[in-house]
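Undergrad: predicted coordinates and the sequence they were generated for:
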Amino acid sequence: MHKTLQPKIILAAILAAYAMPHYALADGKANAVTLDKIDVIGTTPLAGVGLPIEQVPSNVQVVKGEELKEQGSLSIADFMNNNLLGVSVNETQNNPYQPDILFRGFTASPLLGTPQGLSVFQDGVRVNEPFGDAVNWDLIPVNAIAGINLMPGSNPVFGLNTLGGSLAVTTKNGRTHQGGAIETSFGSWGRKTTAAEFGGVSADNSIDYFIAGNYFDEDGWRDHSPTEVKQIFGKVGWQNEASRLELSYTGADNDMIGNGLIQKELMEEFGRETINTKPDQTKNTLSFLNLNGSHWFNDDVQLTANTYFRDSKRKTLNGDVNDDYDITSTGSVAGNDAACPTGTGDEDKQCSGALNRSKTDQTGYGLNAQLAFNQPLFEKQNQFIVGAGYDYSRIKFNQSSEYGIINASRGVDGVNVENDDAEVNLRGKTQSYGVFATDTLSLTDQWHLTLSGRYNHIKVKNSDKLIPDSTNSASLSGNHSFNRFNPAVGVSFTPTKDLSVYGSYNEGMRAPTSMELGCANRDQPCKLPNAMAGDPPLKEVVSKTYEFGARGNLTQDLKWTAAVYRTVNHDDIHFIAAGSTGNPSNGFFDNIGKTRRIGLDAGLSGAIGNLSWNAGYSYIKATYETDLELANALNSTSVTSGPDDVIKVKKGDRLANIPDHALKLRLQYAVTPNWSIGTNVNTFSDVYIRGNENNKHRANDGDGAHVQDSGKIGGYTVVNLDTRYKFGNSGWQVFAKAINIFDKEYATGGQFGENWFENGAFSGEDEPSKFVMPGAPRAGWIGVRYEFGGKKSAVAYDND
């Protein structure tokens, strides 16, 4: 039996982790203490006081920025997919900076229309975009990251969108990351990268500064898929004995091509690098200012707050097939340019292609604050945090569609004729208020009780500049409000320093976004992200999560963790295909009832001599829990219901593109003190594709004897390698990375759609097809890095 960690010891560990000043410790030497190594977990989005991981009633996963560097991770999403429990990926865009990340069956995606279920924070600011709650991974520079906490469950303290979990990113500062580094790499697909960082402290020790920048350029492994990413991050900090201020800036200017899914017929004929249609371009820019501050009133009371301004802009250009094309209106697709007369009013049926453009401006600002009290309650150790937040965002969304002609390379050439029916000019405002509290009371040295709750109030106002009359069913204008109190309770039991057992129940919510409310009319379906229609009200999504687990140390070098969970979403919002056209991008958002995720995460990590390793297994069963009908003309089990062909989804049917099983292994071997070799081995099981939500599609071959297509994507295993060599204490390093070293041909997901091409050329007639998200082939890169001027932290740790 061990003693509960003393509050002042915990506070000193927090100071080391966040480089925060402290009013005073008992001996007056806050910067000269020697401690047991303590993993302190922040339990709120704002940095500040936290809890020892043994007292946190959830299977939180902690990542240090150094780990991202050692594995050569391009982004947070890249590292998560290769290493973290419960995480998988859908390569919907097939761009390294634009994956869909799934955690316990909940998604954080840059793609509008994807049901988002994870909240993402950067230094206490939620960076889910206001228009659709999307997450743009390309806007978070990886070499500015000091650490990441992945908190599972529907923890209400983390606010909106925390249905399946929250991801909290802490950035570097010049006090904790002194010195500099510059690196460059090159290799497959014409990829060239350059990254630099530098941090330091002023002579009087009151000011610290840090700056980082990234440049990424490649041709891409898919045809016609170049990407250029430019990121910058800077931070300046000031502190005295009791207070600290930090002002940071994050900027980005990125031009990315993500060619998306490909029909299997084209892939089988031309290879997995081929594309469907082009272009598929996204341009993201960001300017993000964030001011964080903290102040210790005394040893036990701390105020933490931030205020921010965030301006992001997004432009898209997508060359697509014209879904309204009708071959009977032209008689032939030969010489397609002659079959697309302009100014006749028949372009909707006679033009084979369309250039869909959108522009989204999102401006947000807000203020968050919390008070933390580390004071006894009923003579028992207690930590109480109370806080509030306000966020405001303005949205400008414009879209247009120009008719075009599909050329020989499956690009779209515009004909300078607009599709007036696709035009949208939307303005949106969202205001969010939140008040929360969380309290952890140590009932005894072994038992710890956590109670939390948050009240959210959200207002969403849409203004249609084309049809401003909100009484018109075609207008996007409308006012909506949502509010709810979400509770949480957790208990942890720590009988020894090597074992912690916990259980928790929590509730979270997600309010419908401006985009979803503008595309919620069953009778007026929209095309994502391009068209929108009138907006019947949607209900907020409420998630309820139970989790039970344990973690501990089998030996000094062998650690384990295990957790089981059950999350039910009530009034879940999905994008539902409309009508019998078979086009999965035409539809509307609707509340579909309940969905459920139940699963298991188990991990084991250790070290044997020079070999360190991590192994993890995840199981998830993600199902619909409400019967429903979905319009679908492509599934083999479709039946006619009124004007549409539909499939009947039953309770217990699996959600699409979520693998049941995932197995991850990370090995790293120190060949010498200066040379290390590492590998990641990731295995994922098969998935049902979109369009097969009833899990019953079967397409037989010509004689009907064999199943040709089961409506699933097969499982796969991918092996990656990395290595790094350090030239003594000179600061010079060389590194290399190779992915998919066995060149496995695989796909991470798929959906049913329409194939308009034959032998690679536009045919004028659509045929049902399976579209897949192909995984990247074998590739490799090599680079060099130089580090200089680094210093160690003044706070030491040992195991005495």
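TA: Thanks, I have it.

Undergrad: quick one, helices of the stretch 1-150 of the chain?
TA: Remark: helices assigned in the stretch 1-150 of the chain by DSSP state H, counting those that start in this stretch are 7-18, 65-70, 76-83.

Undergrad: I'd like to know which of the ones you listed has the weakest mean confidence.
TA: In terms of mean pLDDT, the lowest-scoring of these is helix 7-18 (a mean of 46).

Undergrad: and residue 328, that's in a strand?
TA: No: Residue 328 is assigned helix when assessed by DSSP: H, G, I helix; E, B strand; the rest coil, not a strand.

Undergrad: and the pLDDT at the nearest residue to residue 459 once chain neighbours are set aside?
TA: Closest residue in space to residue 459, ignoring its immediate chain neighbours: residue 431 at 4.6 Å, by CB to CB, 6 or more residues apart in numbering. (C-beta placed from N, C-alpha, C; glycine too.) Looking at residue 431, its pLDDT stands at 95.

Undergrad: what about residue 431, which helix or strand?
TA: Assigning secondary structure by DSSP states H and E places residue 431 in strand 424-442.

Undergrad: do the same with residue 214
TA: strand 207-218.

Undergrad: for that strand, which positions count as buried?
TA: Across strand 207-218, burial judged by 16 or more other CB atoms under 10 Å covers 208-214, 216-218.

Undergrad: contacting residues around residue 775?
TA: By CB atoms under 8 Å, 6 or more residues apart in numbering, the residues touching residue 775 are 91, 716, 718, 740, 744-748.

Undergrad: can you give me the helices for the protein?
TA: Taking DSSP state H, the helices of the chain run over residues 7-18, 65-70, 76-83, 264-270, 347-350, 514-517.

Undergrad: just those helices: most buried one?
TA: helix 514-517 (a mean of 26; mean count of other CB atoms under 10 Å).

Undergrad: got the CA coordinates for that one in CSV?
TA: C-alpha atoms of helix 514-517 as CSV (Å, rounded to 0.1, in the frame of the first residue of the first chain):
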residue,chain,number,x,y,z
SER,A,514,-24.6,25.6,-39.8
MET,A,515,-23.8,23.3,-42.7
GLU,A,516,-25.9,20.4,-41.5
LEU,A,517,-28.9,22.7,-40.7
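
Undergrad: report all helices and strands that it contacts.
TA: Helix 514-517 makes packing contacts with strand 382-406, strand 424-442, strand 447-464 when contacts are defined by 3 or more CB pairs under 8 Å, 6 or more residues apart in numbering; DSSP states H and E.

Undergrad: quick one: closest of those to residue 162.
TA: Closest to residue 162 of those is strand 447-464 (CB to CB; 9.4 Å).

Undergrad: enumerate the positions of the closest one that are buried.
TA: Neighbour-count burial for strand 447-464 flags 448-450, 452-454, 456, 458-464 (criterion: 16+ other CB under 10 Å).

Undergrad: nearest to residue 385, of those?
TA: Nearest member of the buried residues of strand 447-464 to residue 385, counting by CB to CB, is residue 452, at 9.0 Å.

Undergrad: can I get the helices and strands packed on helix 514-517 in CSV including distance to residue 243?
TA: Converted to CSV, the helices and strands packed on helix 514-517 look like this (distance: least, CB to CB, whole Å):
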stretch, distance to residue 243
strand 382-406, 18
strand 424-442, 23
strand 447-464, 27
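
Undergrad: mind checking which of those strands is nearest residue 636?
TA: Going by CB to CB, the one of those nearest residue 636 is strand 382-406, 28.5 Å.

Undergrad: picking up where we left off before, what helices and strands are in contact with the strand holding residue 214?
TA: Secondary-structure packing of strand 207-218 (3+ CB pairs under 8 Å, 6+ apart): strand 191-201, strand 227-239.

Undergrad: how many neighbours does the residue nearest to residue 82 when sequence neighbours are not counted have?
TA: Among residues not flanking residue 82 along the chain, residue 680 sits closest, at 4.6 Å (CB to CB, 6+ apart). Close neighbours of residue 680, defined as other CB atoms under 10 Å, add up to 21.

Undergrad: residue 485 now?
TA: The burial count for residue 485: 12, using other CB under 10 Å.

Undergrad: list the contacts of the nearest residue to it once chain neighbours are set aside.
TA: The shortest distance from residue 485 to any non-neighbouring residue, by CB to CB, 6+ apart, is to residue 455 (4.7 Å). For residue 455, the contact set (CB under 8 Å, 6+ apart) comprises 434-436, 483-486.

Undergrad: so what sits opposite residue 455 in the bridge?
TA: Counting by DSSP bridges, residue 455 forms beta bridges with residue 435, residue 485.

Undergrad: are there helices or strands packed against the strand holding residue 431, and which ones?
TA: By 3+ CB pairs under 8 Å, 6+ apart, strand 424-442 packs against strand 382-406, strand 447-464, helix 514-517.

Undergrad: do you know which of these lies nearest residue 122?
TA: Closest to residue 122 of the helices and strands packed on strand 424-442 is strand 382-406 (CB to CB; 13.8 Å).

Undergrad: list the helices and strands the closest one packs on?
TA: Strand 382-406 packs on strand 353-373, strand 412-418, strand 424-442, helix 514-517, going by 3+ CB pairs under 8 Å, 6+ apart.

Undergrad: other residues contacting the last one?
TA: So that's helix 514-517. 112, 130-132, 395, 397, 426, 428, 430, 460, 462, 478, 480, 529, 532, 535, 537-538, 573, 589.

Undergrad: how about low-confidence regions in the chain?
TA: For the chain, the stretches flagged by pLDDT under 70 are 1-38, 330-339, 341-345, 470-471, 473-474, 520-537, 577-587, 700-709, 791-800.

Undergrad: tell me the contacts of the most centrally placed residue in it?
TA: Centrality entry for the chain: nearest residue to the mean C-alpha point is residue 108, 3.1 Å, by CA atoms, centre = their mean. By CB under 8 Å, 6+ apart, the contact list for residue 108 reads 100-101, 116-118, 120, 128, 135, 167.

Undergrad: which residue, other than its chain neighbours, is closest to residue 593?
TA: In space, residue 593 is closest to residue 626, 2.7 Å off (CB to CB, 6+ apart).

Undergrad: how about residue 555: what's its closest non-neighbour residue?
TA: Of all residues not flanking residue 555 in the chain, residue 606 sits nearest, at 7.7 Å (CB to CB, 6+ apart).

Undergrad: verify the stated contact: the one you found with residue 615.
TA: No: between residue 606 and residue 615 there is no contact under CB atoms under 8 Å: 9.0 Å.

Undergrad: pull the number of nearby residues for residue 249.
TA: There are 14 residues near residue 249, going by other CB under 10 Å.

Undergrad: partners of it in the sheet?
TA: Counting by DSSP bridges, residue 249 is bridged to residue 234, residue 289.

Undergrad: contact partners for it?
TA: Counted by CB under 8 Å, 6+ apart, residue 249 has contacts 232-235, 287-290.

Undergrad: just the buried ones from these?
TA: Buried members of those, scored by 16+ other CB under 10 Å, are 232-233, 235, 288-290.

Undergrad: how about residue 713, what does it touch?
TA: 657, 686-687, 689, 747-750, 772.

Undergrad: farthest pair within those?
TA: 686 and 772 (12.3 Å).

Undergrad: ends of stretch 434-451, what's the gap?
TA: Terminal residues of stretch 434-451 are spaced 17 Å apart (CA to CA, to the nearest Å).

Undergrad: and it, how far out from the chain's middle?
TA: 29 Å (CA atoms, centre = their mean, to the nearest Å).

Undergrad: cool, and stretch 66-85?
TA: 13 Å.

Undergrad: for stretch 319-333, same thing?
TA: 37 Å.

Undergrad: likewise stretch 476-486?
TA: Per CA atoms, centre = their mean, the centroid offset for stretch 476-486 relative to its chain is 24 Å.

Undergrad: again, but for stretch 437-456
TA: Between the centre of stretch 437-456 and the centre of its chain there are 28 Å (CA atoms, centre = their mean).

Undergrad: next: stretch 235-252.
TA: Relative to its parent chain, stretch 235-252 has a centroid offset of 26 Å by CA atoms, centre = their mean.
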